[in-house]
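Student: Kindly return the folded structure for what I paste below:
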Amino acid sequence: MSFSIKRTKSLVFTERLEEQLENKIVIFMVGLPARGKSYISKKLKHWLNWMGVHTQVFNVGNFRRQTLQGNQNADFFNIKDENNAIIRENLAISVLKDMIQWLKTSGSVAIHDATNSTKKRRKTLLDFMIDYPEIQVIFIESLCYDSKVINFNIELKAKSPDYINMPKEQAILDFKKRLTNYEESYEPLDEDSSDISFVKVIDVGRKVITNNIHGYLASQIIFYLMNIHVSQRNIYLVEHGESILSKLGEDSELTFRGELFSERLYEFIKNEISFSGRTLEVWTSTLIRAVQTAQKFRGFHKIVKTRNLNPQSVGCFAGLKLSQVVEKYPEEINSRKLDPLAYRFPGGGESYLDVIDRLKSLIVELERTPNDILIVSHKAVLQVIYAYFMDVALYRIPHIHIPSNSVLLLKPMPHGCEEQRVTLLNEESQTGFSINQTNVGHDSASTLGFDANATRPAEEGARIHLSVHYETRPGETLRVWIKTSGEESAKVPVMEWKEGHFWQLILLIPQNHEQDTIVEYKYFMLNEMTKQIRREEGENRKIILPPIEIPIQIEILDIWSSIEYHDYAKVPISNSNKNK
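Tutor: Numbering: from 1, shown residues only. So this is what the prediction gives:
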């Protein structure tokens, strides 16, 4: 027998999002080269997209390279060359036209990433925007006086597409000549201009000056810019140790294995800190299993307990066993499957979107803090935090794999965020796949809806479906090579997947094969403009599928720097190897 639940719709997230999107925003970056404009642009893009505000960066330099072909050296940026000055201005306006078109279709915030270094250029941009009074315009000027930051940025610029196949020393000399050209004509924003909205960001967040800023979303942007920095630090994401969870929403203590994981976590972090010499802060949820996981750090490091890190609320399902929910409320299971991002647990529970809204202030605090941070929390919360730093699309958040008994080490960098995954405690039951379970060690809210009715009916076909998902970055192509070995081999040649699409490749492998099936795959990213390989796996990745008795579906989900496995079927698996 199934039961129905009367829902009271919470409008917190949707109301705020509607308020944010009432006015579209165009942001014009201003500043000399190598002053952090692109860094700020990307940070803003990550932050706003993570909050559900569709944001895109339009880089004029990339457009220049695509339009003019070839490489433009420092002479192209000579202020005395009027012809090139006209070309540069036309390029800037062309990019602005693309931005307006994008805002008219699906976008909310468009960022014009260019120097925009003279009053004349900025007036040209403002004159163009007169025809679009419904779009709010904000200038963000990035000023940097820190020689270390400037020199570091120059080193990065020497590796840009403008200097492909050019010796590093020659590239640096050319870029410095370009920088001199800009310095001769640079005109900073006038702080006495009360009629325009602008922000001056000094030394990437050390000091922020604002002028004529109004509106909720604009205020959120300023608040965010006031808290970013470029200090090197590590962020460690850890799910609490193993605990016995017999009912949803329980606050249980650690098992023996959970305590063992707590000890190994302390030893691992202690070695990390002794190597880096940086200060560590420990942030945990208020639940017993999270606090106990971090208990070894008490007395040695600052520990902060916050409700913001508490698990996703299951609402009126709290106190029920998962089997009871599956039996009595099958429509809730189906609703969560259909839209795991927006599904809100009834009776005052939360959706992933609600968790994002809850974590906004915590993310800003994470950005503000220069220390290393260890976060001990729960699956849904860690998925949301991971998505922010790794720039994962919203719809993919519920499918991010957070490994148990492990540490996700995130290293925010000027070009993005690097990731390292370290397993501290191996489980005898651990296989080569991340199997969603509802027993010890897992938050039920994160698994509810994925296990129920997971076994495929026989009429769907006795096959294994192996899919590879990837979203390419602008200007890149994904090439994948895959083959399998077994009683009946399936081979797939190199395939090219263009940007802007979400691709899926399915391999059908017979069931009831008597020997292991080895699935190998290799991929690399190719920049379309430079024809340079950005990343290539040195060795073939390999999965070993043991003999299968019932059909299963296996998804390889590649989120930029990590490849994880999600097995949505209940199937006995043994002797599997997880890729490295």
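
Student: now what about the lengthiest helix in the chain, what contacts it?
Tutor: The single longest helix within the chain, with elements called by DSSP state H, is helix 82-105. Contacts of helix 82-105 with the rest of the structure, by Cβ atoms under 8 Å, 6 or more residues apart in numbering, involve 24, 26, 56, 58-60, 63-64, 67-68, 76-79, 107, 110, 112, 114, 116, 121, 124-125, 128, 132, 135. Using the backbone N, CA and C atoms, a C-beta is placed for each residue, glycine as well.

Student: again, only this time at 7 Å
Tutor: Contacts with helix 82-105, where a contact means Cβ atoms under 7 Å, 6 or more residues apart in numbering, come from 24, 26, 56, 58, 60, 63-64, 67, 76, 78-79, 110, 112, 114, 121, 124-125, 128, 132, 135.

Student: Stretch 168-183 too?
Tutor: Residues from elsewhere that reach stretch 168-183, judged by Cβ under 7 Å, 6+ apart: 32-34, 73-74, 77-79, 115, 117, 154, 157-158, 163.

Student: now do 6 Å
Tutor: With contact meaning Cβ atoms under 6 Å, 6 or more residues apart in numbering, stretch 168-183 is reached by 32-33, 73-74, 77-79, 117, 157-158, 163.

Student: Low-confidence stretches in this structure?
Tutor: Per-residue confidence for the chain (pLDDT under 70) gives these ranges: 1-22, 191-194, 427-580.

Student: Would you show me how to pick out the buried ones of the contacts of helix 82-105 in PyMOL?
Tutor: Entered in PyMOL, the line below selects the buried ones among the contacts of helix 82-105, by 16 or more other Cβ atoms under 10 Å:
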select buried, resi 24+26+56+58+60+63+64+76+78+110+112+114+121+124+125+135
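
Student: Which ones among the contacts of helix 82-105 map onto strands?
Tutor: When DSSP state E is applied, those are split such that 24, 26, 56, 58, 110, 112, 135 fall in strands.

Student: Pull up the gap between the fifth one and residue 294, please.
Tutor: So that's residue 110. 42 Å (Cβ to Cβ, to the nearest Å).

Student: Also the last one?
Tutor: Per Cβ to Cβ, residue 135 is found 47 Å from residue 294.

Student: For the stretch 151-300 of the chain, just list every one of the helices.
Tutor: Using DSSP state H, counting those that start in this stretch, the helices of the stretch 151-300 of the chain run over residues 168-185, 216-225, 256-276, 288-293.

Student: returning to what we had before: angle of the longest helix of the chain against strand 55-59?
Tutor: Compare the direction of helix 82-105 with that of strand 55-59 by axes from the mean of the first three to the mean of the last three Cα atoms, to 10 degrees and you get 170 degrees.

Student: Quick check: buried residues in helix 82-105?
Tutor: Within helix 82-105, the residues scored as buried using 16+ other Cβ under 10 Å are 85, 87-88, 91-92, 95-96, 99-100, 102-103.

Student: Over to stretch 199-213?
Tutor: 199-201, 203-205, 208, 210-211.

Student: buried stuff in stretch 363-373?
Tutor: Result for stretch 363-373 [16+ other Cβ under 10 Å]: buried residues 363-367, 369, 372-373.

Student: which one among these gets closest to residue 290?
Tutor: Nearest to residue 290 among the buried residues of stretch 363-373: residue 373, at 14.4 Å, using Cβ to Cβ.

Student: who's in contact with the strand or helix carrying the closest one?
Tutor: Following DSSP states H and E, the helix or strand that holds residue 373 is strand 372-377. Identification of contacts with strand 372-377 by Cβ under 6 Å, 6+ apart yields 233-238, 240, 269, 278, 280-285, 290, 293-294, 309.

Student: Now do that strand and helix 256-276, the angle between them.
Tutor: Using the same axes, to 10 degrees: strand 372-377 against helix 256-276 is 170 degrees.

Student: partner strands of strand 372-377, parallel or antiparallel?
Tutor: Using DSSP bridges, strand 372-377 pairs in its sheet with strand 235-239 (parallel), strand 280-284 (parallel).

Student: then it to CSV, C-alphas only?
Tutor: Below are the C-alpha coordinates for strand 372-377, written out as CSV (Å, rounded to 0.1, in the frame of the first residue of the first chain):
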residue,chain,number,x,y,z
ASP,A,372,44.0,25.1,5.3
ILE,A,373,40.5,23.8,6.0
LEU,A,374,39.5,20.3,6.9
ILE,A,375,35.7,19.8,6.4
VAL,A,376,34.1,16.8,8.0
SER,A,377,30.5,16.6,6.8
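
Student: following it, which helix or strand shows up next?
Tutor: Next helix or strand after strand 372-377 toward the C-terminus (DSSP H and E): helix 379-390.

Student: Next SSE downstream of that following helix?
Tutor: strand 406-413.

Student: Which other helices and strands does that following strand contact?
Tutor: Contacts defined by 3 or more Cβ pairs under 6 Å, 6 or more residues apart in numbering; DSSP states H and E place strand 406-413 against strand 235-239, strand 416-423.

Student: Is there a neighbour count for residue 260? I'd like the number.
Tutor: Applying other Cβ atoms under 10 Å, we find 16 residues neighbouring residue 260.

Student: Measure how buried residue 313 is and give me the count.
Tutor: 21.

Student: now residue 141
Tutor: The number of residues near residue 141, taken as other Cβ under 10 Å, comes to 22.

Student: which residue packs closest to it, ignoring adjacent ones?
Tutor: Closest residue to residue 141 apart from its sequence neighbours, by Cβ to Cβ, 6 or more residues apart in numbering: residue 30 at 4.0 Å.

Student: what's the answer for residue 160, then?
Tutor: In space, residue 160 is closest to residue 61, 7.9 Å off (Cβ to Cβ, 6+ apart).

Student: Ok, residue 258 next?
Tutor: Closest residue to residue 258 apart from its sequence neighbours, by Cβ to Cβ, 6+ apart: residue 241 at 3.1 Å.

Student: I'd like the distance between residue 227 and residue 364.
Tutor: Here residue 227 is placed at a distance of 5 Å from residue 364 (Cβ to Cβ).

Student: which residues touch stretch 198-209?
Tutor: Residues outside stretch 198-209 that contact it (Cβ under 6 Å, 6+ apart) are 36, 139-144, 146, 189, 210-211, 225-226, 228-230.

Student: try 7 Å this time
Tutor: With contact meaning Cβ under 7 Å, 6+ apart, stretch 198-209 is reached by 36, 39-40, 138-146, 149, 189, 191, 210-211, 222, 225-230.
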